[in-house]
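Novice: give me a model of this one.
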Amino acid sequence: MNYLIKGARAVFSGQNPDATDIRLSNGRITELGRGLTASTDKNETLINASGCVIWPGLVNTHHHLAQSIMKGVPAGLNAGLGDWLSAVPYRFWPRLTPELMYHAARLGLFELLRSGTTTCADHHYLYHSTTSPELEDAVWQAADELGIRLVLCRGSATVQGSHRGMIDHGIQPESLEQVLQRMERTHSQQHQPGPDAMKKLVVAPTSLIHSSTAEDLQLVATWARERGLKLHSHLLEVAFDEMQAQARHGLSAIDYAESCGWLGEDVWFAHLVHSDRRAIEALARTGTGIAHCPTSNCRLGSGVAPVTEMAAAGVPISLAVDGSASAESGSMLQELNLTWLLHRALHGPEATTLDQVLHWGSCGGAEILGLTDTGALETGLCADLVLFDIDQARFAGVHEPVLAPLMCGEPATVKYSFVAGRPVVSNGQVAGLDSEELTRNVQQAVASLLS
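Specialist: Residues are numbered from 1 along each chain as shown. Purely as a prediction, here's the structure:
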């Protein structure tokens, strides 16, 4: 559990930006500096970081691991969100067994680990009236085996509502009683409190506008807050959310969320693409955060969330991959690179800075998830960190090495990655995972879905 990482090209640390060495003891960062020497009484393992830059581990605040085996489905390649949902995830949802879910989760977590992620918030929404608990258990198992922090955002739908995917495929929703009973099981068996938890539960109705009644939203929010849990959902990914909120409730989507108790410092939403000034003011006033998913939003033609305006207003910002059925790279590094570029294209070269984007992708996400002992390279914090190997030709011309992976984007190589001081990637290999075996299992899973 004790490591001395020495000789990095650069370390992204506000506490010690000149550091090249990091000491890890009992899962925490205990020293940052230059020329650190091995301890004589701690039995430290030496990690050679020459040719590497060291970042805090990236924090992905919205994912759909189940979608890892639904990439590039032809019927959804050129579809907007509504048609895509029906043609891709909701089409395959009824066929997903615990075994297929396990392989999908391992693939998705593998993709995240190899792109620098150490924490994944998975919005797992595959719950219906007859769901087997083993489907959710498979997600926890995959995360346990690979050593990544997992925040399970427990999706739910208590009505079909206007959700075309559920209607088109006859998916029968849970009752509110089933939702609460099943969440209680997860809370008692998996959830860990505290700012350094490896496993957390979040209450996360699948769609705030389309899959629950106002009464159910209020009840699950109360249930969550009584237990100190955070809240999450999709909101304003497309303009249809606003239209439905106005038509069904006579309120804007953001006002409807607030009326149901779904704004606050314990809430964050995925997407928020179609946020107007009023919505941004409400988010900032209440401390409600965003999981910005630029690749998925571009891929589905949903638009671009106004995160630069949100950041200026004080909205908490984090970054996320979303499901890799609509962000096929499955890479958190891709999200950072696209965030940096996309908003500069829209608003000019000063719209986003590299430091700002890396902060959103690490500390920003950790703060939103309540994992405040992670997200930065500072003494006393959990040792969640990643070593990117930039001793390669494509990075050789970069004048600012610490930010080279963000500027240059994929492909990039994670040489080592640590979660709570434990190596989850060593010498470029994800620990506990045979990539050839994973490939075969996933190929068989895809064939099973199509059979």
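Novice: after the helix or strand of the chain with the lowest mean pLDDT comes which helix or strand?
Specialist: Lowest mean confidence among the helices and strands of the chain (mean pLDDT, DSSP states H and E): helix 164-168, at a mean of 73. Next helix or strand after helix 164-168 toward the C-terminus (DSSP states H and E): helix 176-189.
Novice: hmm, back to that, so which elements touch the least confident helix or strand of the chain?
Specialist: Applying 3 or more C-beta pairs under 8 Å, 6 or more residues apart in numbering; DSSP states H and E, we find helix 164-168 packed against helix 81-87, helix 89-92. (C-beta placed from N, C-alpha, C; glycine too.)
Novice: then it to PDB, C-alphas only?
Specialist: What follows is helix 164-168 as a C-alpha-only set of coordinates in PDB (Å, rounded to 0.1, in the frame of the first residue of the first chain):
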ATOM      1  CA  ARG A 164     -41.300   6.500 -26.400                       C
ATOM      2  CA  GLY A 165     -38.600   3.900 -25.800                       C
ATOM      3  CA  MET A 166     -40.700   2.300 -23.000                       C
ATOM      4  CA  ILE A 167     -43.900   2.600 -24.900                       C
ATOM      5  CA  ASP A 168     -42.500   1.200 -28.200                       C
END
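Novice: give me the phi and psi for the closest residue to residue 415 other than its chain neighbours.
Specialist: Among residues not flanking residue 415 along the chain, residue 389 sits closest, at 4.3 Å (C-beta to C-beta, 6 or more residues apart in numbering). In terms of degrees, to the nearest 10, the main-chain angles of residue 389 are phi -80, psi 110.
Novice: residue 389 against residue 52, yeah?
Specialist: Yes. Between residue 389 and residue 52 there is a contact at 5.4 Å, judged by C-beta atoms under 8 Å.
Novice: the two: which is more packed in?
Specialist: The residue with more neighbours, out of residue 389 and residue 52, is residue 52; 25 against 20, by other C-beta atoms under 10 Å.
Novice: check which residues of stretch 138-151 are buried.
Specialist: 138-143, 146-151 (16 or more other C-beta atoms under 10 Å).
Novice: cool, and stretch 76-96?
Specialist: Those would be 76, 79, 81-93, 96, for stretch 76-96 by 16+ other C-beta under 10 Å.
Novice: average pLDDT for that stretch, rounded please.
Specialist: For stretch 76-96, mean pLDDT is 93.
Novice: which residues does that stretch contact?
Specialist: Outside stretch 76-96, the residues that touch it by C-beta atoms under 8 Å, 6 or more residues apart in numbering are 64, 66-67, 70, 73, 75, 104, 126, 135, 163-166, 168-169, 171, 237-238, 240, 300-302, 323, 325-326, 448-449.
Novice: which outside residues touch stretch 232-252?
Specialist: Stretch 232-252 has contacts (C-beta under 8 Å, 6+ apart) with 62, 80-82, 121, 123, 153, 162, 202-210, 214, 253-257, 259, 262, 267-275, 278-279, 291, 297, 302-303.
Novice: from these, list the buried ones, please.
Specialist: 62, 81-82, 121, 123, 153, 162, 202-210, 214, 253-257, 262, 267-275, 279, 291, 297, 302.
Novice: before we move on, back to that, among the buried residues of stretch 138-151, which are located in helices?
Specialist: Judged by DSSP state H, helices contain the following of the buried residues of stretch 138-151: 138-143, 146.
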